[in-house]
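Visitor: Whatever this is, show me its structure:
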Amino acid sequence: MNWIAIALIGAVVGFLAGLFGKGGSAIATPLLVAVGVPAFVAVAAPLPATIPSTLVAFSAYWRSHLVDREVLWWSIGIGIPATIAGAVATRWISGGVLVTATEVIIAALGARLLMRPGAPTEIVRDVPGHRARLVAVAAVVGVAAGLLANSGGFLLAPLYITVLRMPVKPAFACSLAVAAALAVPGTIVHAALGHIDWSVVAVFGVTSIPLSYLGARVAVRSNSNRLERAYGAVLVALGVGFLAFGH
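Guide: Below is the predicted model of the structure:
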């Protein structure tokens, strides 16, 4: 395996994870496969590295008082059992259709963010069904994370922003912390099955962890409207790119 390439992938994925509030395993897997990492290792290896890198990035948002605790704790409380349920359901449900549906959703959510007139400055809690929406987002993302063996970060932040109407920076903050929590069950399962190459985890983590903090610091200091527009553009590009070249 090309260890320098793995380290570079870790750096890129870590920075983007901190900048855009996601664990980054969905981006890391195809890139690791492209540089010679076996497919089952490429799926599993980013998960344990996701936990410290997302928590380090989360700390930058925490210090800037950008964390919505209600969203955070409800998402973890609902998301973890939903992730376990999704992992169990892989016995009967094929991930192929879900992957395609997720890619379409990502692109659509990105387009919606690009077309919004402006980023909200605070979460709107008096919207009818706010708590029900929060539970639904956590459950959907948790099940998807279990089925796809990732931490769910690709869906968390955009759904927080569009469904819960959260400001972009608190959405990223909560997404990072929840992604770290949802990565734990997957890490335990893959480790028990012997799918994790810990040397790949170590090389990937050495660069992804510090770069994730740097990405988070850039996001915290960025203009919210510009950050949301950039995020929308990245989601569209990734969704379309995965649809066009990922199958």
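Visitor: contacts and neighbour counts: CA atoms only from here.
Guide: OK.
Visitor: neighbouring contacts of the lowest-mean-pLDDT helix or strand in the chain?
Guide: One helix or strand of the chain scores below all others by mean pLDDT, DSSP states H and E: helix 95-115, with a mean of 75. Applying Cα atoms under 8 Å, 6 or more residues apart in numbering, the contact partners of helix 95-115 are 144, 147-148, 154-155, 158-159, 162, 228-229, 231-240, 242-243.
Visitor: Show me where the chain dips below the pLDDT cut-off.
Guide: 1, 23-26, 90, 93-99, 102, 117-128, 148-153, 246-247 (pLDDT under 70).
Visitor: From the rest of the structure, what touches the helix or strand that residue 211 is a member of?
Guide: Assigned by DSSP states H and E, residue 211 belongs to helix 198-221. Outside helix 198-221, the residues within contact range by Cα under 8 Å, 6+ apart are 3, 6-21, 45-46, 48-50, 52-54, 56-61, 64, 169, 227.
Visitor: now the helices for this structure?
Guide: 3-20, 25-34, 39-44, 46-63, 69-89, 95-115, 130-148, 153-163, 168-192, 198-221, 224-245 (DSSP state H).
Visitor: Tell me the gap between the shortest one and the middle of its chain.
Guide: So the one you mean is helix 39-44. Relative to the centre of its chain, helix 39-44 is centred 17 Å away, using Cα atoms, centre = their mean, to the nearest Å.
Visitor: which of the residues in that helix are buried?
Guide: Neighbour-count burial for helix 39-44 flags 41, 42, 43, 44 (criterion: 16 or more other Cα atoms under 10 Å).
Visitor: ok, the first one to residue 52 distance?
Guide: This means residue 41. Going from residue 41 to residue 52 by Cα to Cα, to the nearest Å gives 19 Å.
Visitor: How about the last one?
Guide: Separation of residue 44 from residue 52 (Cα to Cα): 15 Å.
Visitor: returning to that earlier point: from the contacts of helix 198-221, keep the buried residues only.
Guide: Members of the contacts of helix 198-221 classed as buried by 16+ other Cα under 10 Å are 6-7, 9-21, 45-46, 48-50, 52-54, 56-61, 169, 227.
Visitor: Could you report the neighbour count for residue 36?
Guide: 14 (other Cα atoms under 10 Å).
Visitor: That one reaches residue 2, doesn't it?
Guide: Yes - look at residue 36 against residue 2 with Cα atoms under 8 Å: they come within range, at 7.0 Å.
Visitor: if we can go back for a sec, buried members of the contacts of helix 95-115 into PyMOL, please.
Guide: A single PyMOL command selects the buried members of the contacts of helix 95-115 (16+ other Cα under 10 Å):
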select buried, resi 144+147+148+154+155+158+159+162+228+229+231+232+233+234+235+236+237+238+239+240+242+243
